[in-house]
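Give the three-dimensional model of this entry:
(chains A and B)
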2 protein chains.
Amino acid sequence: MVSLLSNDDRQDALTKLDGWSYNDSDKTISKEFEFKDFIDAWGFMSKVAIKAEKLDHHPDWSNGYNKVSVNLTTHDASGITENDIKLAKFMDKVA
Amino acid sequence: MVSLLSNDDRQDALTKLDGWSYNDSDKTISKEFEFKDFIDAWGFMSKVAIKAEKLDHHPDWSNGYNKVSVNLTTHDASGITENDIKLAKFMDKVA
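As a prediction, this is how the structure comes out:
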């Protein structure tokens, strides 16, 4: 099982991501992505879906037309782990 | 522009759908779908995504692993139209 990041490691990791914020109440990191239209939003989600299945680490996310709202956490660890950071980095890269 | 269904027509349409409910506060119809796993949930969403783009009528939806929560409404009409019923029927069919 992947272990929880320390507060310092989590904050350090967040500074290397693009626009993600940590929510202490539900122990998630979140970001809102905005695209040109639904096709672009769906293209982004499709890339992330395949990556998520490969990592066996899945986002909680919602979509309305050109917007995608993402929450990441590691339920088994009750907080943020390297898996969340890895998936967040991938999302930043393909967005 | 597609026109708002009357209350009677909306209620009649709902009885022909499988498990959708109307929420008067935000004028949406909604349903929670549950699948075996993420691959099945994503397969469903992918079919719906292409249909939605083809109809030019897109859902507000969220996904976490094997669950997909859907809200449909027609923003231009501020309520439920034939387009929502059509997309809901398609979702029931492919789920």
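
what sits against residue A:82?
Under the criterion of C-beta atoms under 8 Å, 6 or more residues apart in numbering or on different chains, the neighbours of residue A:82 are A:2, A:5. Bear in mind the C-beta positions are built from the backbone N, C-alpha and C, glycine included.

That one and residue B:17, how far apart?
43 Å (C-beta to C-beta, to the nearest Å).

Report pLDDT for residue A:1.
With respect to pLDDT, residue A:1 scores 73.

residue contacts, it?
A:76, A:77.

Kindly report the same for residue A:26.
A:71, A:73.

Report the secondary structure state of it.
Here residue A:26 is coil, with the state taken from DSSP: H, G, I helix; E, B strand; the rest coil.

C-terminal to the top helix by length along chain A, what's the next element?
Longest helix in chain A, counting residues (DSSP state H): helix A:38-55. Downstream of helix A:38-55, the first helix or strand assigned by DSSP states H and E is strand A:60-64.

Quick one: check that following strand for contact with chain B.
Yes - if you take C-beta under 8 Å from any C-beta of the partner chain as the test, strand A:60-64 does meet chain B, through A:60, A:61, A:62, A:63, A:64.

beta partners of the residue in chain A positioned nearest to chain B?
Per C-beta to the nearest C-beta, residue A:62 is where chain A lies closest to chain B, at 3.5 Å. Per DSSP bridges, the residues bridged to residue A:62 are residue A:69, residue B:62.

I'd assumed residue B:59 was in contact with it.
No - using C-beta atoms under 8 Å, residue A:62 is not in contact with residue B:59; the gap is 10.1 Å.

Are we agreed that residue A:90 is in a helix?
Yes - assessed with three-state DSSP, residue A:90 lies in a helix.
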